[in-house]
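Student: pasted the sequence and its predicted model underneath.
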Amino acid sequence: MGTAETGLSPVPAGPRPALTVRGVRKTYPGAGAPALDGVDLTLHNGETLAVLGPSGSGKSTLLRAIAGLEPLDGGTIEFGNHDERLAVVFQAPGLFPWLSVRQNIALGGKYRRNRDRFDESRVEELLEILGLTPWANTPVQELSGGQAQRVSVGRALAVRPDVLLLDEPFSALDPATRGDLQLWLRDLATELDLTIFLVTHDVEEALTLGDRIGFFAGPRGFSQQWIPARDGTTAEQILAHYRGTDSGSGNWII
Ligand SMILES: Nc1ncnc2c1ncn2[C@@H]1O[C@H](COP(=O)(O)OP(=O)(O)OP(=O)(O)O)[C@@H](O)[C@H]1O
């Protein structure tokens, strides 16, 4: 309802969520069944939401829809900041192998729409924060998989995203490196107050990184229960919960 003076809607009380998904529907062309069929979600500022769920339940489709990479058949996706910035990190780093670490990170800010949030000093700051300064001038093709994925996160952070979308970012790495990067990203998220939507198959990863864990049960979206990840919840408890809701098709890494 508008105010008499301005005709504008009153500002809602309290902080706006970083992301609100309402009734999102998506059917891929030629597919018999919808991939998403009325999905709702709220992501709060500064929160990491870890999304678990069986293969084919639609987690990546939802992430891609949030990223604006999938046209929707219905529903809405709104961001708290109207000038929202998103950055996505996928399983494969997707870097330019012949360019240096510094050049790859800087690329994130080179696109015209990101320029106002980017300057060269941001790259140096990120190299330091990410522990990549010693490799700043190294071509990324000479890096290990774990280092390359850190560069990929760095490139995403170069634009100071309001929401960081991570689709199984560490699943191609060996378990030890994966564990190291999970702890590294958790500290980074705290330090930079990041808002993260994380899709993962790895229950331990969800517990390490998530403030909240959601189980994506299928096209209709999340099961009712949201699981807090930071209050002593164990992988076994999560698995027991999912066995109650899962059709049995899940392939969980623990
Ligand atoms: N490009 C596409 N074209 C047609 N169907 C697709 C496409 N991408 C995904 N699908 C279908 O949409 C459904 C949801 O897939 P999606 O990849 O989102 O699931 P997921 O939960 O992320 O799976 P996984 O955990 O295996 O990555 C599946 O039935 C899948 O086969």
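Tutor: Happy to help now that I have it.

Student: how about the CA coordinates for the longest helix along the chain, as CSV?
Tutor: What stands out as the longest helix in the chain, according to DSSP state H, is helix 175-192. Only the C-alpha atoms of helix 175-192 are listed here, as CSV (Å, rounded to 0.1, in the frame of the first residue of the first chain):
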residue,chain,number,x,y,z
PRO,A,175,39.5,-36.0,-0.1
ALA,A,176,42.4,-34.3,1.7
THR,A,177,42.4,-31.3,-0.6
ARG,A,178,38.7,-31.2,-0.4
GLY,A,179,38.8,-31.1,3.4
ASP,A,180,41.4,-28.3,3.4
LEU,A,181,39.4,-26.2,1.0
GLN,A,182,36.2,-26.7,2.9
LEU,A,183,37.8,-25.2,6.1
TRP,A,184,39.5,-22.5,4.0
LEU,A,185,36.1,-21.5,2.5
ARG,A,186,34.4,-21.6,5.8
ASP,A,187,36.9,-19.1,7.3
LEU,A,188,36.7,-17.0,4.2
ALA,A,189,32.9,-16.9,4.4
THR,A,190,33.1,-15.7,8.0
GLU,A,191,35.8,-13.1,7.2
LEU,A,192,34.0,-11.6,4.2
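
Student: and after that helix, which helix or strand comes next?
Tutor: strand 196-199 (DSSP states H and E).

Student: note down every partner strand of that next one and its orientation.
Tutor: Sheet pairing for strand 196-199, assigned by DSSP bridges, gives strand 48-52 (parallel), strand 163-167 (parallel).

Student: what segments of the stretch 51-200 of the chain are helices?
Tutor: For the stretch 51-200 of the chain, the helices defined by DSSP state H, counting those that start in this stretch occupy 59-66, 101-107, 120-129, 145-157, 175-192.

Student: what's the neighbour count on residue 190?
Tutor: Around residue 190 there are 11 other residues, counting by other CB atoms under 10 Å. C-beta: built from backbone N, CA, C; applies to glycine.

Student: distance check, it against residue 209.
Tutor: In this view, residue 190 and residue 209 are 11 Å apart by CB to CB, to the nearest Å.

Student: on that earlier part again, JSON lines for the helices of the stretch 51-200 of the chain, including distance to the ligand?
Tutor: JSON lines is the format used below for the helices of the stretch 51-200 of the chain (distance: least, CB to the nearest ligand atom, whole Å):
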{"stretch": "helix 59-66", "distance to the ligand": "3"}
{"stretch": "helix 101-107", "distance to the ligand": "25"}
{"stretch": "helix 120-129", "distance to the ligand": "28"}
{"stretch": "helix 145-157", "distance to the ligand": "17"}
{"stretch": "helix 175-192", "distance to the ligand": "16"}
